[in-house]
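S.K.: this one's structure only:
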Ligand SMILES: C[S@@+](CC[C@H](N)C(=O)[O-])C[C@H]1O[C@@H](n2cnc3c(N)ncnc32)[C@H](O)[C@@H]1O
């Protein structure tokens, strides 16, 4: 086990964050591909059939509209009772901005990805799937950076991007229902921030492992619906931070809906203990929730700049959490009070708190 900082494997827009003290990384090591871009989307608004291969429909506007319903002023997917965060334009804008910060702090891709997706196997196109792709910011980047690869974006709602690259297709599916139709298909399997919609994340890790080709890369990133203090412990009691209190309400609501808010904390063990993986790498990233750090040195200035953008992400997330919290039985009065105080706390930038993001990547054994 050793701590290292990974250089980006691809020419990144940003290098990974270098400073250990904040927004930093700690790493330890311990076909069937019809390329039908843009309009073809596998889609089933009812429960998916037992058939291992989902049907493929043309994505019409009525099918698109049927994917959503309005709840508490936001567009919510119409498919899963577990995932209760919005899937509307405002949320996708938030996810796009969040993707940019993640690239700056974590690097664009995990180091092995470029080699694994290299165009070096004649007759066998490389393949990549993003499970719970959201706005598709990550898989769109992969599709453009590796145009020889076939890529698949899976989510509860159809991909919003109007001009998908020709090597990319979108599927609408609930990944809780199993991934048998993808077994053995992919060189890279990626999932980021999907835990609140996943019933059995450890079981999903097993399913994802079976989707990988031998030597393929699994790349998982999650956060744990907690807010941490400067001692890097989660703040679980009331009276310390309104943001922590708000996040703890979200944690409970996700759990009540059947999701796995704590999955981030177990990723490393689940992947390390699986006999099918090797070269397991674990990294954790600490994001300052607001620009509260004092100082004029370059590292502090950079951390505060990043946290400025990250604070906007959290402010938007406070709005995104309303359908989740109100739908879980909390009164509007309680939600309004905690949300407004968390908003003020973030804007004042005096409460020194962090969000912890955990990442694990590993290779599927060849033997
Ligand atoms: C917080 S967003 C993250 C999106 C994207 N991975 C990113 O990092 O920008 C979570 C996404 O996972 C999707 N999701 C959650 N549970 C899912 C499930 N069971 N099956 C498919 N997609 C799911 C949601 O619809 C949403 O788009």
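M.R.: Done, it's in. The structure displayed is predicted, hence computed values, not measured ones.

S.K.: And the strands in the stretch 101-250 of the chain?
M.R.: For the stretch 101-250 of the chain, the strands defined by DSSP state E, counting those that start in this stretch cover 127-131, 150-155, 168-172, 186-192, 212-223.

S.K.: nearest to the ligand, of the ones you listed?
M.R.: Closest approach to the ligand among the strands of the stretch 101-250 of the chain (C-beta to the nearest ligand atom): strand 186-192, 3.6 Å. From N, CA and C alone the C-beta is placed, and that goes for glycine too.

S.K.: if we can go back for a sec, which of the strands of the stretch 101-250 of the chain comes out lowest on mean pLDDT?
M.R.: Mean pLDDT per stretch puts strand 168-172 lowest among the strands of the stretch 101-250 of the chain, at a mean of 94.

S.K.: Tell me the gap between it and the middle of its chain.
M.R.: 17 Å (C-alpha atoms, centre = their mean, to the nearest Å).

S.K.: Report all helices and strands that that strand contacts.
M.R.: Applying 3 or more C-beta pairs under 8 Å, 6 or more residues apart in numbering; DSSP states H and E, we find strand 168-172 packed against strand 40-42, helix 137-145, strand 150-155.

S.K.: before we move on, back to that, take the strands of the stretch 101-250 of the chain and write them to CSV, including distance to residue 314 and mean neighbour count.
M.R.: Formatted as CSV, the strands of the stretch 101-250 of the chain follow (distance: least, C-beta to C-beta, whole Å; neighbours: other C-beta atoms under 10 Å):
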stretch, distance to residue 314, mean neighbour count
strand 127-131, 23, 26
strand 150-155, 23, 26
strand 168-172, 28, 25
strand 186-192, 17, 26
strand 212-223, 11, 22
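
S.K.: pretty sure residue 119 contacts residue 148?
M.R.: Yes. Taking C-beta atoms under 8 Å as the definition, residue 119 is a contact partner of residue 148 at 4.3 Å.

S.K.: for the ligand, what are the nearby residues on the stretch 51-200 of the chain?
M.R.: Counting by C-beta under 6 Å from any ligand atom, the stretch 51-200 of the chain comes close to the ligand at 77, 80, 83, 85, 87, 95, 99, 132-134, 137, 154-157, 174-176, 192-194, 197-198.

S.K.: quick one: which helix or strand includes residue 307?
M.R.: For residue 307, the element it lies in under DSSP states H and E is helix 298-326.

S.K.: That helix: what's the following helix or strand?
M.R.: Tracing the chain C-terminally past helix 298-326 and defining elements by DSSP H and E, one meets helix 332-348 next.

S.K.: Show me the contact partners of that following helix.
M.R.: If you take C-beta atoms under 8 Å, 6 or more residues apart in numbering as the criterion, helix 332-348 is touched by 241-243, 245-246, 249, 289-290, 311, 314-315, 318, 321-322, 325-326, 351.

S.K.: Give the buried subset of those as a ChimeraX selection command.
M.R.: In ChimeraX, a selection of the buried entries from those looks like this (16 or more other C-beta atoms under 10 Å):
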select :241,242,243,245,246,249,289,290,311,314,318,321,322,325,326,351
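
S.K.: still on that earlier bit, any chance of the strands of the stretch 101-250 of the chain in JSON lines, plus distance to residue 253?
M.R.: Below are these laid out as JSON lines (distance: least, C-beta to C-beta, whole Å):
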{"stretch": "strand 127-131", "distance to residue 253": "22"}
{"stretch": "strand 150-155", "distance to residue 253": "21"}
{"stretch": "strand 168-172", "distance to residue 253": "24"}
{"stretch": "strand 186-192", "distance to residue 253": "21"}
{"stretch": "strand 212-223", "distance to residue 253": "15"}
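
S.K.: correct me, but residue 67 touches residue 170?
M.R.: No. Between residue 67 and residue 170 there is no contact under C-beta under 8 Å: 11.3 Å.

S.K.: Overlap in contacts, these two.
M.R.: By C-beta under 8 Å, 6+ apart, residue 67 and residue 170 have these common neighbours: residue 158.

S.K.: which stretches of the stretch 51-200 of the chain have low pLDDT?
M.R.: For the stretch 51-200 of the chain, the stretches with pLDDT under 70 are 51-60.

S.K.: one more time with 90
M.R.: For the stretch 51-200 of the chain, the stretches flagged by pLDDT under 90 are 51-68, 78-79, 158-163.

S.K.: now the helices for it?
M.R.: Under the criterion DSSP state H, counting those that start in this stretch, helices of the stretch 51-200 of the chain are mapped to 61-66, 89-106, 113-116, 137-145.

S.K.: Check these for me and report the most buried one.
M.R.: Comparing the helices of the stretch 51-200 of the chain by mean neighbour count (mean count of other C-beta atoms under 10 Å), helix 137-145 ranks first with a mean of 21.

S.K.: Quick check: closest non-adjacent residue to whichever residue of the chain sits closest to the ligand.
M.R.: Distance from the ligand to each residue of the chain (C-beta to the nearest ligand atom) is smallest for residue 197, at 2.0 Å. Closest residue in space to residue 197, ignoring its immediate chain neighbours: residue 83 at 3.2 Å, by C-beta to C-beta, 6 or more residues apart in numbering.

S.K.: could you flag which of the residues of the stretch 51-200 of the chain next to the ligand are buried?
M.R.: Buried among those by 16+ other C-beta under 10 Å: 77, 80, 83, 85, 87, 95, 99, 132-134, 137, 154-157, 174-176, 192-194, 197-198.

S.K.: Let me see the contact set for the residue nearest to residue 197.
M.R.: Residue 83 is in contact with 77, 156, 196-197, 257, 259, counting by C-beta under 8 Å, 6+ apart.
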